[in-house]
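Enquirer: Sequence and predicted structure, then a few things I'm wondering about:
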Amino acid sequence: MHLRALIATLISDTSVIGLLRPLALILVVTCYIRRNEDIGGWLMFFYYQIYGSLVLFAVQVAQFSDPYRLSYWDEEVDHIIFLAAVLPKILGFLLVAAVGTILLRRREWYWLRHLQFVLLVAMLMMLLPLALDALYFRESLVWNSVRLVMLGAWLAYFMSSERVKRVFPRLRPERVYNPTDTVGPFR
């Protein structure tokens, strides 16, 4: 199968997006209502966007699993190009979701710094897929560019937001790191 035909099929399938629209509206309203809570407003919207992106990736992989198999492709190089265009993006979002989830649970500055770093790494991981989009998958270039811009916007948010500074304080007396502690900051 040709790469362009596959991308056209992926983009034209709106059934999942149609199902997620009501959920998105509910979450936007919830983010607004909770805007004065610690985890509310834009901070809550960050988690919605990251987890929602992962759900969309999972649905796309489930619905269109054939391209992930070598036997689907006429040429092995097409399979490699496809994987190089898809996997770094998914892995980057998984990394952000994992560290973001730990941050949500721990609410420590230590994990905030890790999330900022991981957001930067995820942005760098998007560069290869964007280059491949420009060469082979022009239909995906806009959406993946938007993903890159959103990761950058979240990085800026997590570096400058007053809410973030308040919710994830630099030091909490009950959780100060002791270098002689064998458990360390992962307790």
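Expert: Here it is on my side, so go on.
Enquirer: lowest-confidence helix or strand of the protein?
Expert: One helix or strand of the chain scores below all others by mean pLDDT, DSSP states H and E: helix 3-12, with a mean of 51.
Enquirer: Just give me the residue closest to the centre of the chain.
Expert: Centroid check for the chain by C-alpha atoms, centre = their mean gives Phe93 as the closest residue, at 3.1 Å.
Enquirer: Ile50: what's it in contact with?
Expert: With contact taken as C-beta atoms under 8 Å, 6 or more residues apart in numbering, Ile50 is in contact with Phe93, Val96, Ala97, Gly100. Using the backbone N, CA and C atoms, a C-beta is placed for each residue, glycine as well.
Enquirer: distance of the nearest residue to the third one once chain neighbours are set aside from Ala24?
Expert: Counting by C-beta to C-beta, 6 or more residues apart in numbering, the nearest residue to Ala97 once its immediate chain neighbours are dropped is Ile50, at 5.0 Å. Per C-beta to C-beta, to the nearest Å, Ile50 is found 14 Å from Ala24.
Enquirer: So Leu103 sits against His114, correct?
Expert: Yes: with contact defined as C-beta atoms under 8 Å, Leu103 counts as touching His114 (7.4 Å).
Enquirer: These two: which has the busier surroundings?
Expert: A side-by-side neighbour count of Leu103 and His114, using other C-beta atoms under 10 Å, places Leu103 first with 24 against 17.
Enquirer: Would you check that Leu128 makes contact with Val86?
Expert: No: under the criterion of C-beta under 8 Å, Leu128 is not in contact with Val86, lying 10.5 Å apart.
Enquirer: what comes up buried for the top helix by length along the chain?
Expert: The longest helix of the chain (DSSP state H) is helix 76-106. Using 16 or more other C-beta atoms under 10 Å as the test for burial, helix 76-106 gives 78-79, 81-82, 85-86, 88-90, 92-93, 95-97, 99-100, 102-104, 106.
Enquirer: mean confidence for that helix?
Expert: Taken as a whole, helix 76-106 has a mean pLDDT of 93.
Enquirer: by contact count, what packs against the next helix or strand after it?
Expert: As assigned by DSSP states H and E, the chain's next helix or strand after helix 76-106 is helix 109-125. Packing partners of helix 109-125 (3 or more C-beta pairs under 8 Å, 6 or more residues apart in numbering; DSSP states H and E): helix 76-106, helix 138-160.
Enquirer: mind listing what's buried in helix 109-125?
Expert: Residues of helix 109-125 classed as buried under the neighbour-count rule (16+ other C-beta under 10 Å) are 109-116, 118-119, 121-123, 125.
Enquirer: Give the helix, strand or coil label for the residue nearest to Ala97.
Expert: Following DSSP: H, G, I helix; E, B strand; the rest coil, Ile50 is assigned to helix.
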